[in-house]
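Trainee: give me a model of this one.
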Amino acid sequence: MRLICLILMLILPGAALAQDWSLLKEPGTVAVMRHALAPGVGDPANFDLEDCSSQRVLDERGREQARQIGAAMRAAGVTFDAVWTSQWCRCTETAELLGMGAPEEFPALNSHFAGQGDPERQAAEVMARIAETPAEARLLLVTHQVNVSELTGTGTTSGEIIVARRTGAGLEVVGRIAVAP
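Mentor: All right, here's what the predicted structure looks like:
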């Protein structure tokens, strides 16, 4: 039975993960979310931060995924003291569709995929900003796979939330929440 569960977790990560929304209600929670489904990898060569038509963006399944995640959080009574997002359109749209408060663009959450940024500097900037918030504040960060990995040490699927607690050494992963698109 354990082998079957492990195989399901590897093959169907969104379907196999528990939906324990209560993890997000704990004081001091840092929810690090990968943007909702945006088919493809990376961005086109003509990428322009100011022009969503030049970027990889959410498709309708991704938009619906973001709406469902936000609705599930609201139904569970989850709230956040701050919502920070990458400036990439797929992240800002995800953050807006979640409906968890007014998202604030935070450039340190921008993608550093394929050499676009500085992973260590950006992670340090994110951690410094987290440290500046009250210890009991619940934060939602909407960002990219590479940033989630840099901040939490784990990979993620589209729309997945890595639930973490602050420690003196960074973020400690305490759970994962995923909703399949």
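
Trainee: could you pull out the helices for the chain?
Mentor: Assigned by DSSP state H, the chain shows helices spanning 2-11, 13-16, 60-75, 89-98, 119-132, 145-152.

Trainee: got a list of what the nearest residue to residue 47 once chain neighbours are set aside touches?
Mentor: The spatial neighbour of residue 47 that comes closest, neighbours along the chain excluded (Cβ to Cβ, 6 or more residues apart in numbering), is residue 54 at 5.4 Å. Using the backbone N, CA and C atoms, a C-beta is placed for each residue, glycine as well. By Cβ atoms under 8 Å, 6 or more residues apart in numbering, residue 54 lies in contact with 43-44, 46-48.

Trainee: hmm, which of those residues is lowest in pLDDT?
Mentor: On pLDDT alone, residue 44 ranks lowest of these, at 74.

Trainee: which ones are touching it?
Mentor: 54-56.

Trainee: any chance of the residues you listed in CSV, plus distance to residue 105 and pLDDT?
Mentor: Converted to CSV, the contacts of residue 44 look like this (distance: Cβ to Cβ, whole Å; pLDDT from 0 to 100):
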residue, distance to residue 105, pLDDT
54, 17, 86
55, 14, 90
56, 18, 90
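
Trainee: not counting stretch 119-130 itself, show me its contacts.
Mentor: 30, 84, 106, 108-110, 112, 139, 141, 146-147, 150-151, 166, 170-171.

Trainee: could you list which of these belong to strands?
Mentor: Judged by DSSP state E, strands contain the following of those: 30, 84, 139, 141, 166, 170-171.

Trainee: out of these, which comes closest to residue 159?
Mentor: residue 141 (13.7 Å; Cβ to Cβ).

Trainee: surely the closest one meets residue 35?
Mentor: No: using Cβ atoms under 8 Å, residue 141 is not in contact with residue 35; the gap is 10.9 Å.

Trainee: now do the shared contacts for those two.
Mentor: Common neighbours of residue 141 and residue 35 (Cβ under 8 Å, 6+ apart) do not exist.
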